[in-house]
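Participant: predicted model and sequence below, questions to follow.
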Amino acid sequence: MKKKGTGPYFVSSIPSKDSYATDSSALVYFKDVPLALCAVGDHGWTAAGFWVARQSSGRRKYMGALLESIHSPADLKCMTLAQMAELAEEIREFLIQTLSRTGGHLGPNLGVVELTLALHTVFNTPEDKLLFDVSHQAYIHKILTGRLDRFATIRQPGGLNGFMLRTESEHDCYGAGHAGTALSAALGMAVARDLSGGKEHVIAVAGDAAFTNGISFEALNNIADQTKRLIVVLNDNEWSIDRNVGAIARYFHRIVTNEHYKNLHDQAHRILERFGGKTALTVARRAEEAAKGLLWPSMLFEEFGLQYFGPLDGHNLPLLIETFKFLKTADHPVLLHVLTQKGRGFQPALDGQKKFHGLGPYDPETGKTKPAGQLTYAEVFANTLVNLATDDPHIVAITAAMPNGTGLDLFRPHHPNRYFDVGIAEEHAVVFASGMATRGYRPVCAIYSTFLQRAFDPIVHDVCLQKLPVVFCMDRAGLSGDDGPTHHGLFDIAYLRGVPEIVLMAPKDEDELADMLKTAVQLPGPSAIRYPRGVVAGVARKPEPQVIPVGKAEVLIDGSDVAILGLGTMMPLARELAARLEREGYSAALINPRFIKPLDRETLGAYARHVAAFVTFEDHVKMCGFGSAVIEALDEMGMAIPVVRIGWPDQFIEHGKIDDLRAKYGLTVDEAYAQVLPLLARRMMPKLVAS
Ligand SMILES: Cc1ncc(C[n+]2csc(CCOP(=O)(O)OP(=O)(O)O)c2C)c(N)n1
């Protein structure tokens, strides 16, 4: 007898040695290991008993037998609660071991093991639509939906993406990477279902920090008007990447810590354990009613028209399953508040919530990572800002929930009154900065290039139109690598270059980053600095940063045949090309542009008079990028000189190692050389003939 869906299972006829086998049951084997006793029913198999192979040491194998039996959510539906509890442990061990080699979002995923198991037990993806906000916590979803065998490739070149991706699986109904989109997208799907007469369920899972984001609230404001059937799960672990901040976080905390509420809920859990679903839910409901009176005249979500349930223990699998079964029947939008523990099951992650939100490889026993070694651009930015703010009491620092990533957590202890974490709220961060700037302050907004995309209109409408001196420090500008297309910072030149008033800079190294920051905080209007993720170039630093003349490029090597412009940290490639061309007898000028806007037209014009070609290098899309700016400037000056542009093509770039992707997409010295040589050869021809 073969189990539906095949896989590594085979099912024996009923073995006589098994005392609890009945006529309608059979033992399921995995590689000759008896795994589960399944009852044969109309709808496939229902597991009734199991055992899991352990290593002789007694330590659980990280790929446990139950986990290995999962090929689709259907396999989960065949398990007993006891098996699922065991599976949850296997998944945790598997995540801890696998991510120790690949890196990834360990903490958030350890927190949602039971929640994801419960969701996939009760709902049927891909018919039902399951969305995760940000989707950095969708690893278990990936494991349960047929991607277990490829899971060790997560975030690796050519492997699984670290976020949900529509092209990766039919179970990934919505891709994400930026926060705050799940509720709006889920509402869109629910309304589409209602319009087309569909029956599927739509479930949006969003973390507590997603509710610091305006889009989530824009969706909440709209849900009850648009649909009668939508399930929102608030996954509350009290953490964003750092501790979650703001009034919403405090509001959630008050719900969770209310004693009366907690007692009633404990009762519900006990009843559930003894008698099962319905009675417990009645008690839970009584708890909600009681809490409403105690906590708030009316619960926030109920005012938005979503019936509120919770808070539930997000690690109590039976309770979650019963609750989802119940919520499935609701004929109005509902919000389930679950409490989970980020990093659950791995002590180092519980002790280091921030670190284990997302990290590179680590020791799976101790959680230790390689010592940091060299400084990062983020650290140089933060240390410089600390000093500048010591001298200038008007400098303030603003982050949108990224104190760790941007380095501003180094600023916080030095100037606590001038440090602001506004939550995952980039638009608000920028408008808030504008307000401060109108009152004489010098706001420095440290926001990753990719997340600043969210704030384009405030940059135009609030900052630049009013010529306010706000500084945007765009960390992770350029290819981000492992995180992939949602996180690459490849568009900031394009979206900022066309905005009047802004000064846009890119430092070639950390020393110049400090100079640019000092320059920026002294400008009368808006400015932005783009710099990459990761460690610095390692150049010698001046004791004090210096102000740079705005719009002035730096000529590093003079030359007469070709002018090579290496923007920001692409300078090493530009330098290498210059050296190669010099070796071959060409006279190559090497220029550090420093400013994308205003461009140094004087320097460009001077070289345009005698070189045969320009070459531009940028870690940005070519379209609307720095090279395009050079072409426009030359055209406006009436100088028709060819420009070889080296940058990213007009397409979304997958995740991978930066060097591999640069090679794949031609951001290399070889490519630049191949493109520029024919232009130079033409120029050299008359020289050779003359000699
Ligand atoms: C627009 C945007 N800004 C910042 C981030 C960076 N970011 C990724 S996950 C995260 C915290 C998410 O916290 P929460 O939603 O509570 O989920 P948890 O990780 O706690 O499970 C942040 C700030 C982002 N993804 N998108």
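Facilitator: It's in.
Participant: surely Asn404 touches Arg243?
Facilitator: No: using CB atoms under 8 Å as the test, Asn404 is too far from Arg243 to be in contact (10.8 Å). In this view, the C-beta of every residue, glycine as well, is placed from N, C-alpha and C.
Participant: neighbour count: those two, which is higher?
Facilitator: Remark: of Asn404 and Arg243, Asn404 carries more neighbours, 17 against 13, as counted by other CB atoms under 10 Å.
Participant: can you tell me the element the more buried one falls in?
Facilitator: Under DSSP states H and E, the secondary-structure element containing Asn404 is helix 403-406.
Participant: for that helix, packing partners?
Facilitator: Contacts defined by 3 or more CB pairs under 8 Å, 6 or more residues apart in numbering; DSSP states H and E place helix 403-406 against helix 377-391.
Participant: what residues of the helix it packs on count as buried?
Facilitator: Neighbour-count burial for helix 377-391, with 16 or more other CB atoms under 10 Å as criterion, is recorded at 377-386, 388-389.
Participant: so what's the closest residue to the ligand within the chain bridging to?
Facilitator: Of all residues in the chain, Gly207 sits closest to the ligand, with a separation of 2.3 Å (CB to the nearest ligand atom). Listed by DSSP bridges, the beta-bridge partners for Gly207 are Asn235.
Participant: give me the pLDDT for it.
Facilitator: Reading off the confidence values, Gly207 has pLDDT 98.
Participant: before we move on, what about the one 10 residues further on?
Facilitator: We note a pLDDT of 97 for Phe217 in this prediction.
Participant: with Lys129 instead?
Facilitator: Value for Lys129, per-residue pLDDT: 98.
Participant: could you number the chain from 757 rather than 1 from now on?
Facilitator: Will do, 757 is the new start, and the previous item becomes Lys885.
Participant: what's near enough to touch it?
Facilitator: By CB atoms under 8 Å, 6 or more residues apart in numbering, Lys885 lies in contact with 929-930, 942, 945, 956-959.
Participant: farthest pair in these?
Facilitator: Using CB to CB, the pair of those lying farthest apart is Tyr930 and His957, separated by 14.3 Å.
Participant: who has more neighbours, the two?
Facilitator: For Tyr930 versus His957, neighbours defined as other CB under 10 Å are more numerous around His957 (23 against 20).
Participant: once you drop chain neighbours, what's closest to that one?
Facilitator: Asp884 (4.4 Å; CB to CB, 6 or more residues apart in numbering).
Participant: what of Ile847?
Facilitator: Leaving aside its sequence neighbours, Ile847 is closest to Val869 (5.3 Å, by CB to CB, 6+ apart).
Participant: now swap in Lys1110 and tell me
Facilitator: Ranked by CB to CB, 6+ apart and with sequence neighbours excluded, the top spatial neighbour of Lys1110 is Asn1160, at 5.5 Å.
Participant: kindly report the same for Leu990.
Facilitator: Excluding the flanking residues, the one nearest Leu990 by CB to CB, 6+ apart is His1093, at 4.7 Å.
Participant: hmm, Val958 and the residue nearest to His957 touching each other?
Facilitator: Yes: contact criterion CB under 8 Å: Asp884 and Val958 qualify, at 7.3 Å.
Participant: ok, these two, which is more surrounded?
Facilitator: Val958 (27 against 20).
Participant: test my guess that the more buried one contacts Lys984.
Facilitator: No: contact criterion CB under 8 Å: Val958 and Lys984 do not qualify, at 11.6 Å.
Participant: coming back round to it: what's the helix holding Asn1160 in contact with?
Facilitator: By CB under 8 Å, 6+ apart, the surrounding residues in contact with helix 1159-1162 are 997-998, 1110, 1134, 1137-1138, 1155, 1165, 1168, 1177, 1202-1204, 1229, 1231-1232.
Participant: so the following helix or strand past it, near the ligand or not?
Facilitator: Following helix 1159-1162 in sequence order, the next helix or strand is strand 1175-1177 (DSSP H and E). No: using CB under 6 Å from any ligand atom, no contact is recorded between strand 1175-1177 and the ligand, whose separation bottoms out at 10.1 Å.
Participant: helices or strands up against strand 1175-1177?
Facilitator: With contacts taken as 3+ CB pairs under 8 Å, 6+ apart, strand 1175-1177 sits against strand 1151-1155.
Participant: which strands and helices sit next to the strand it packs on?
Facilitator: Using 3+ CB pairs under 8 Å, 6+ apart: strand 1151-1155 touches helix 1133-1147, strand 1175-1177, helix 1182-1194, strand 1198-1202.
Participant: nearest to Gly970, out of the ones you listed?
Facilitator: When those are ranked by proximity to Gly970 (CB to CB), helix 1182-1194 comes first, at 6.2 Å.
Participant: got the residues of the chain near the ligand?
Facilitator: Among all residues of the chain, those adjacent to the ligand (criterion: CB under 6 Å from any ligand atom) are 864, 889-890, 892-893, 934-935, 963-966, 991, 993, 995-997, 1098, 1113, 1156-1158, 1180, 1182, 1207, 1210.
Participant: among these, which lie within helices?
Facilitator: 864, 1182, 1207 (DSSP state H).
Participant: from memory the first one sits against Ile896, does it?
Facilitator: So the one you mean is Pro864. No: with contacts counted by CB under 8 Å, Pro864 stays clear of Ile896, the gap being 10.3 Å.
Participant: for these two, indicate the residue with more neighbours.
Facilitator: More neighbours surround Pro864 than the other of Pro864 and Ile896, with 27 against 23 (other CB under 10 Å).
Participant: how about that one: what's its closest non-neighbour residue?
Facilitator: Gln893 (4.0 Å).
Participant: tally of neighbours for that neighbour?
Facilitator: 27.
Participant: go on, His1366?
Facilitator: The number of residues packed around His1366, counting by other CB under 10 Å, is 13.
Participant: contact partners for it?
Facilitator: Ser1316.
Participant: Leu951 belongs to a helix?
Facilitator: Yes: counting by DSSP: H, G, I helix; E, B strand; the rest coil, Leu951 is located in a helix.
Participant: quick check: mean pLDDT of the helix or strand containing Leu822?
Facilitator: Following DSSP H and E, the helix or strand that holds Leu822 is helix 821-824. Averaged across helix 821-824, pLDDT comes to 94.
Participant: same deal with stretch 1396-1411?
Facilitator: Here the mean pLDDT over stretch 1396-1411 is 97, rounded to a whole number.
Participant: distance from the chain centre to that stretch, please.
Facilitator: If you compare the mean C-alpha spot of stretch 1396-1411 with that of the full chain, they lie 25 Å apart, counting by CA atoms, centre = their mean, to the nearest Å.
Participant: and stretch 1319-1337, by the same measure?
Facilitator: Its chain's C-alpha centre and that of stretch 1319-1337 lie 31 Å apart, by CA atoms, centre = their mean.
Participant: how about that stretch: buried residues?
Facilitator: Within stretch 1319-1337, the residues that qualify as buried by neighbour count (16+ other CB under 10 Å) are 1319-1327, 1329-1334, 1337.
Participant: and for stretch 961-980?
Facilitator: Residues of stretch 961-980 classed as buried: 961-969, 971-972, 975-976, 978-980 (neighbour count, 16+ other CB under 10 Å).
Participant: fine, thanks again, bye for now.
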